[in-house]
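# here are the coordinates; sequence isn't available:
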């Protein structure tokens with residue numbers, strides 16, 4: 001989540017638009033029993049969970065999956081998490 005102090009914004013994530021190792025969700029605890037594709041990972045930022053490709057982690061570029069509209073993020077999660085437990089957190 002972003003915090004504003006005296007016209008300065010600090011973030012809890014390493015960057016505003018990229019996906020990073022520190023944002024990865026432990027698939028064994030959060031997504032056990034769900035069909036997460038092998039080329040994708042689950043991340044969590046200030047807006048919630050989202051799914052992205054492994055090759056977008058720490059690559060120095062903005063991740064379109066992270067800055068996608070909320071409906072797009074939700075739809076991608078819904079494909080994998082049909083019971084919606086992770087989405088409600």
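Now that the structure is in, tell me what you want to look at. Here the structure is a predicted model, which means the values were calculated and not measured.
# can you tell me the helix or strand for residue 77?
Of the helices and strands defined by DSSP states H and E, residue 77 is found in helix 70-80.
# just checking, what packs against that helix?
strand 48-53 (3 or more C-beta pairs under 8 Å, 6 or more residues apart in numbering; DSSP states H and E). Quick note: C-beta positions are derived from backbone N, CA and C, even for glycine.
# roughly how far is the strand it packs on from the heart of the chain?
Using C-alpha atoms, centre = their mean, to the nearest Å, the distance from the centre of strand 48-53 to the centre of the chain it belongs to is 3 Å.
# and that strand with helix 70-80, angle?
Counting by axes from the mean of the first three to the mean of the last three C-alpha atoms, to 10 degrees, strand 48-53 points 70 degrees away from the direction of helix 70-80.
# which other residues reach strand 48-53?
For strand 48-53, contacts defined as C-beta atoms under 8 Å, 6 or more residues apart in numbering pick out 19, 25, 36, 39-44, 63, 65-66, 68, 73, 76-77, 80, 86-87, 89.
# returning to what we had before: quick one: mean pLDDT over the helix holding residue 77.
This predicted structure assigns helix 70-80 an average pLDDT of 81.
# same check on stretch 16-36?
Rounded mean pLDDT across stretch 16-36 is 82.
# please enumerate the strands of the protein.
Secondary structure of the chain (DSSP state E): strands located at 3-5, 8-10, 40-45, 48-53.
# for the third one, name the packing helices and strands.
Secondary-structure packing of strand 40-45 (3+ C-beta pairs under 8 Å, 6+ apart): helix 27-30, strand 48-53.
# repeat the analysis, applying 7 Å as the threshold.
Other elements packing on strand 40-45 under the criterion 3 or more C-beta pairs under 7 Å, 6 or more residues apart in numbering; DSSP states H and E are strand 48-53.
# related to what we said a few turns ago, so the helix holding residue 77 versus strand 40-45, what angle?
Between helix 70-80 and strand 40-45, the angle comes out at 140 degrees (the same axes, to 10 degrees).
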